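1. Sequence below, structure please.
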Amino acid sequence: MTDHFRVQGAFSWFELTTTDVHAAEAFYSRLFGWNTEPWVGEGAYTLIKVDGKDVGGMVENSDPQDPRLGWGIYVTVTDVDETAARVPEYGGTVLVEPTNIPKIGRYCVIRDPLGHTITAITYSRS
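-> Predicted coordinates for the structure are as follows:
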């Protein structure tokens, strides 16, 4: 696991939720030179690689009205449960309560007071 996965407040992952993963792969691979590969785990997921390193992922969602469509950003936190508990104190809203991702860690989705969303994540120590 690279250092940015362990640093409080660091941007650590980028994820595209799209209605067509294959079209997105073709576009971004040609535009930026990204490599992609299927993730071996639960559910369909495509890893984005730059210089052989995992930097993000793509997941398909067939609902064109789903507000999660688009790019999402993950920020590393030391304790996602503690972070989620403090969100209302600063005027934000927890949209997805802290949830486990098997073999990855624990995350929550928050909305800031201006309406922007971001995902906080604590990675497993393994």
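2. what ranges do the strands span in the chain?
-> Taking DSSP state E as the criterion, the chain carries its strands at 11-18, 35-38, 46-50, 53-60, 70-76, 93-101, 105-111, 117-123.
3. So which of those is nearest residue 27?
-> strand 11-18 (10.0 Å; C-beta to C-beta). For the C-beta atoms, the positions are set from N, CA and C on the backbone; glycine is no exception.
4. From the chain's centroid, how far away is the closest one?
-> Offset of strand 11-18 from its chain centre (C-alpha atoms, centre = their mean, to the nearest Å): 4 Å.
5. swap in stretch 60-73?
-> Distance, stretch centre to chain centre, for stretch 60-73: 12 Å (C-alpha atoms, centre = their mean).
6. before we move on, the earlier item: can you tell me which of the strands of the chain is nearest to residue 26?
-> Distance to residue 26, taken as C-beta to C-beta, is lowest for strand 35-38 among the strands of the chain, at 9.5 Å.
7. residue at max distance from the center of this structure?
-> residue 89 (23.6 Å; C-alpha atoms, centre = their mean).
8. Now do the same for it: its pLDDT.
-> Note on residue 89: pLDDT of 97.
9. which one is residue 76 nearest to, not counting chain neighbours?
-> Spatial nearest neighbour of residue 76, chain neighbours left out: residue 12 (4.5 Å); criterion: C-beta to C-beta, 6 or more residues apart in numbering.
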